[in-house]
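In: Turn this into a structure:
(2 chains)
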There are 2 protein chains.
Amino acid sequence: MSQLMQKQTEKRLIKIIAGGPATKLLSKTKDSKSPDRELVRVQDLTPEKADQLIWLRARVHTSRAKGKQCFLVLRQQQFNVQALVAVGDRASKQMVKFAANITKESIVDVEATVRKVEQKIESCSQQDVELHVERIFVISQAEPRLPLQLEDAVRPDGEGRATVNQDTRLDNRVIDLRTTTSQAVFRLQSGVCQLFRDTLTKKGFVEIQTPKIISAASEGGANVFTVSYFKTSAFLAQSPQLYKQMCICADFDKVFCVGPVFRAEDSNTHRHLTEFVGLDIEMAFNYHYHEVIDSITDTMVQIFKGLRDNFQTEIQTVNKQFPSEPFKFLEPTLRLEYTEAVAMLREAGVEMGDEDDLSTPNEKLLGRLVKEKYDTDFYVLDKYPLAVRPFYTMPDPSNPKYSNSYDMFMRGEEILSGAQRVHDAQLLTERAIHHQIDLEKIKAYIDSFRYGAPPHGGGGIGLERVCMLYLGLHNVRQTSMFPRDPKRLTP
Amino acid sequence: MSQLMQKQTEKRLIKIIAGGPATKLLSKTKDSKSPDRELVRVQDLTPEKADQLIWLRARVHTSRAKGKQCFLVLRQQQFNVQALVAVGDRASKQMVKFAANITKESIVDVEATVRKVEQKIESCSQQDVELHVERIFVISQAEPRLPLQLEDAVRPDGEGRATVNQDTRLDNRVIDLRTTTSQAVFRLQSGVCQLFRDTLTKKGFVEIQTPKIISAASEGGANVFTVSYFKTSAFLAQSPQLYKQMCICADFDKVFCVGPVFRAEDSNTHRHLTEFVGLDIEMAFNYHYHEVIDSITDTMVQIFKGLRDNFQTEIQTVNKQFPSEPFKFLEPTLRLEYTEAVAMLREAGVEMGDEDDLSTPNEKLLGRLVKEKYDTDFYVLDKYPLAVRPFYTMPDPSNPKYSNSYDMFMRGEEILSGAQRVHDAQLLTERAIHHQIDLEKIKAYIDSFRYGAPPHGGGGIGLERVCMLYLGLHNVRQTSMFPRDPKRLTP
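Out: Here you go, the predicted model:
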């Protein structure tokens, strides 16, 4: 670096870290004290705080100068409050001008008196008070031209006014994530993970961590990403299933894991991602694989109840922009057999064979038929035809055309696929041969069952799909913070 | 598949799923009831159950025939109980022979009467009772030759008897994970994750999910794995840091994530893995980056306390095989400055410059010196020289040779690296140029700070290292279920 640049850097450094009255505070060493100053949260600005002088750090959401006054809306996540800078005892003309020039989305520290207002401020979350600003400092200045406007980004479609298209949102995700809708979506997503884990931990499940770099593509090598691994190559795991099963064979009895899952599928749809978060369950059972289904459906029900009871604000916030019907579920969860589903579809005019797989449109239609008949947005479809399931799926012993496998659906879309697994090495070998899978490549997997393996089953849930469908959204990219699809790798 | 093979598969299927008296139960459809039979847990077999007839599913841990009797030890995870099959009213000669021939590690269902014993059975966890077996069924048969013996795998080194070397363990992980030591290690690891998340959730942190496939190698491209991504290539994230920071710029305020981290480093040491689990934290702070250090150290302390209070059995179990001193920590956590550490090392005879990085042996030596002086196995080293830290590290405003960055150590080994980050796009640009990083490649990252960014900091913790060092183990492969290193990609 040149001498000149070095100098510029040093000057800048001093300005940023130790520059303004507020930012100077950032430069304190451990021996100096933090300022005798408590920062109040916007959501705590209520009439009880009237006439108090407080400090606040927030973003400038909007700014409107009007003669000798400047009205700001200050925002913290989903909460905002009106602030007034007015020429008078406490503010000079210069200060009003300074405030009016602060760019939107800048972060400021303000000292202000809380005042009750006579007329509710409908446009703010804090409707009963406003702030009369005495001092204002810029902590971090936003560039004047924003790539998108937050008010456009939360506007429902169809009002005939500006909205923001999905690519612009995703290209500028760091701003798009600031909207009330995004804040609500991802706080709810955080809740889904917590409810999933807490429910399973209470049931005696152990959390495991499984490797994502694997030596062999598990299911014949389709749709798998290849990684350069030193002098050889490896693959990204398409699911943690084989590792979950090894844990069952290793006596962990009931396990779960939460982690990324990779699919090199060139699908450009509303519900496919190349990387998503899998909520995975695997458990040994005693007498019947329906014990596994019951554990999974109960976990889902606990998640639905937890969201309903603890995330109403978030649900309402999302609904304002994306209206949808409340999510309905039954207790116990409805379980239909595949043959019943085929019969319902045929009655509705669909032509399909007994052992045909369900197409996506037929899944959706089935979802509507089930909703009409049973009034639920969540159900299990049990006993899939053996032919449409992976090689490790346990055949149905009473009818080998079918299998001990199941999918689960929310609002007519699949969110989980699962099954009782073959736990016998010899049967597994035969099933792999039947599926024309290279035995050499799955040797380690098959060998895991040679030293005593309990009957077991499980399934994998797609986190982004659960959030999308629970909230009644229509694109899985809305519930993935930084989505990955065949055409998107950034940011 | 040939006709013949098809037939063989069908026969096998019937045998496995619907064959024996116990396995027949697996074939029940939803209309049939589960058997009127409760399976008792081994850990619940106490004298209170004396003279009860019970059912149990467990592994055959050991088996010893002796005339008309066969002694089995039946095991469930870390619990085991002695079972006796003896010729008499209830068992025939054939049944004793059948029992004696069941291979070790097979899973069996037994019906048995619980009997109090006069002399404690020292070799079992259930010392006061034994089982008198009336019926026994094999649920899953283990192959007769095990690749390793469980009793060898839990034997402490240095007793002059057989132990199992690490590669044999890892090659046969599904058996090695069944040992009491492995069961304890990974149950404790599950606890670390839970304590980490619960502590942070209580502090108001939000859990986020960050992508692992990224478009650009963040820190200049060293040590990064390349992925084929459709017609282009991508990389595996070396840390979630950039995404955590974007979440802070997107107003999530305090975030954490738990997920895989990938390092294409050809390091074959006791503490390096190419894939490990990162426990990551990032937060906005008000006045001083020590607010971040305090949040992280308090989280670590809550983890240490949680382990100490809730995982004593697991800690004792591991200690039996791998003895170590109990882990010591202080409240509040000890924080040393880098200059103090250099002074301590110099006093101990180490020659090093003020701005030299710490070598691994010097870190260990420092750990010993700190332990002697302060009696703690956990401490923070603050204010690293700027020159040895990444470009996004905030310089110390009072002395630009140093930085607002820190490492944390357990038993003298680094478990966390963290810092206040540069939150100003222009300063960040200058620091990147100083580090000769291609600005084009980090454009999206730098742009994240152009629209208002709060001062913030964080750090990343290596889960496997925390578990290894807390338990006083000596190889990180012991605390990774399926470790990945430059030479190991399986199982």
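
In: Quick one: end-to-end distance for stretch A:271-278.
Out: End-to-end distance for stretch A:271-278: 14 Å, by C-alpha to C-alpha, to the nearest Å.

In: Around chain B, which positions in the stretch 51-200 of chain A sit nearby?
Out: Counting by C-beta under 8 Å from any C-beta of the partner chain, the stretch 51-200 of chain A comes close to chain B at A:57, A:59, A:76-77, A:105-107, A:139-143, A:146, A:173-178, A:182-183, A:186-187, A:189-190, A:193-194, A:197. C-beta here means a position set from N, CA and C on the backbone, and glycine is covered the same way.

In: count of residues packed around A:Val318?
Out: Neighbourhood size, A:Val318 [other C-beta atoms under 10 Å in any protein chain shown]: 25.

In: interface residues of the stretch 301-450 of chain A facing chain B?
Out: A:335, A:382, A:394-395, A:397-398, A:400, A:423-424, A:426-427, A:430-431, A:433-434, A:444-445, A:447-448, A:450.

In: angle of the helix of greatest length in chain A against helix B:180-202?
Out: Counting residues, the longest helix in chain A under DSSP state H turns out to be helix A:180-202. Orientation of helix A:180-202 against helix B:180-202 (axes from the mean of the first three to the mean of the last three C-alpha atoms, to 10 degrees) gives an angle of 150 degrees.

In: Put the alpha carbons of helix A:180-202 into PDB.
Out: What follows is helix A:180-202, C-alpha atoms only, in PDB (Å, rounded to 0.1, in the frame of the first residue of the first chain):
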ATOM      1  CA  THR A 180     -41.300  -6.500   8.800                       C
ATOM      2  CA  THR A 181     -42.300  -9.400   6.700                       C
ATOM      3  CA  SER A 182     -38.800 -10.900   6.400                       C
ATOM      4  CA  GLN A 183     -38.100 -10.300  10.100                       C
ATOM      5  CA  ALA A 184     -41.300 -12.200  10.900                       C
ATOM      6  CA  VAL A 185     -40.600 -15.000   8.500                       C
ATOM      7  CA  PHE A 186     -37.100 -15.800   9.800                       C
ATOM      8  CA  ARG A 187     -38.000 -15.300  13.500                       C
ATOM      9  CA  LEU A 188     -40.700 -17.900  12.900                       C
ATOM     10  CA  GLN A 189     -38.200 -20.200  11.100                       C
ATOM     11  CA  SER A 190     -35.900 -19.900  14.200                       C
ATOM     12  CA  GLY A 191     -39.000 -21.000  16.200                       C
ATOM     13  CA  VAL A 192     -39.600 -24.000  14.000                       C
ATOM     14  CA  CYS A 193     -36.100 -25.300  14.600                       C
ATOM     15  CA  GLN A 194     -36.300 -24.700  18.300                       C
ATOM     16  CA  LEU A 195     -39.700 -26.400  18.600                       C
ATOM     17  CA  PHE A 196     -38.500 -29.400  16.600                       C
ATOM     18  CA  ARG A 197     -35.400 -29.900  18.800                       C
ATOM     19  CA  ASP A 198     -37.200 -29.300  22.100                       C
ATOM     20  CA  THR A 199     -40.000 -31.700  21.300                       C
ATOM     21  CA  LEU A 200     -37.600 -34.400  20.300                       C
ATOM     22  CA  THR A 201     -35.200 -33.800  23.200                       C
ATOM     23  CA  LYS A 202     -38.200 -34.300  25.600                       C
END
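
In: Off-centre distance for it?
Out: Relative to the centre of its chain, helix A:180-202 is centred 8 Å away, using C-alpha atoms, centre = their mean, to the nearest Å.

In: so where is chain A shaky, pLDDT-wise?
Out: Scanning chain A for pLDDT under 70 picks out A:1-35, A:218-221.

In: for it, longest strand please?
Out: In chain A, assigned by DSSP state E, the strand with the most residues is strand A:53-66.

In: can you pull out the helices in the stretch 351-491 of chain A?
Out: In the stretch 351-491 of chain A, the segments counted as helices under DSSP state H, counting those that start in this stretch are A:360-374, A:425-434, A:443-447, A:463-470.

In: what about A:Gln119, distance to A:Asp309?
Out: The gap separating A:Gln119 from A:Asp309 is 34 Å, by C-beta to C-beta, to the nearest Å.

In: for A:Ser417, same thing?
Out: For A:Ser417 relative to A:Asp309 (C-beta to C-beta), the value is 28 Å.

In: For A:Ile415, which residues are in contact?
Out: A:Met408, A:Phe409, A:Ile461, A:Gly462, A:Arg465, A:Val466, A:Leu469 (C-beta atoms under 8 Å, 6 or more residues apart in numbering or on different chains).

In: one step back: which of the residues of the stretch 301-450 of chain A next to chain B are buried?
Out: By neighbour count, with 16 or more other C-beta atoms under 10 Å in any protein chain shown, those hold A:335, A:382, A:394-395, A:397, A:423-424, A:426-427, A:430-431, A:433, A:444-445, A:447-448, A:450 as buried.
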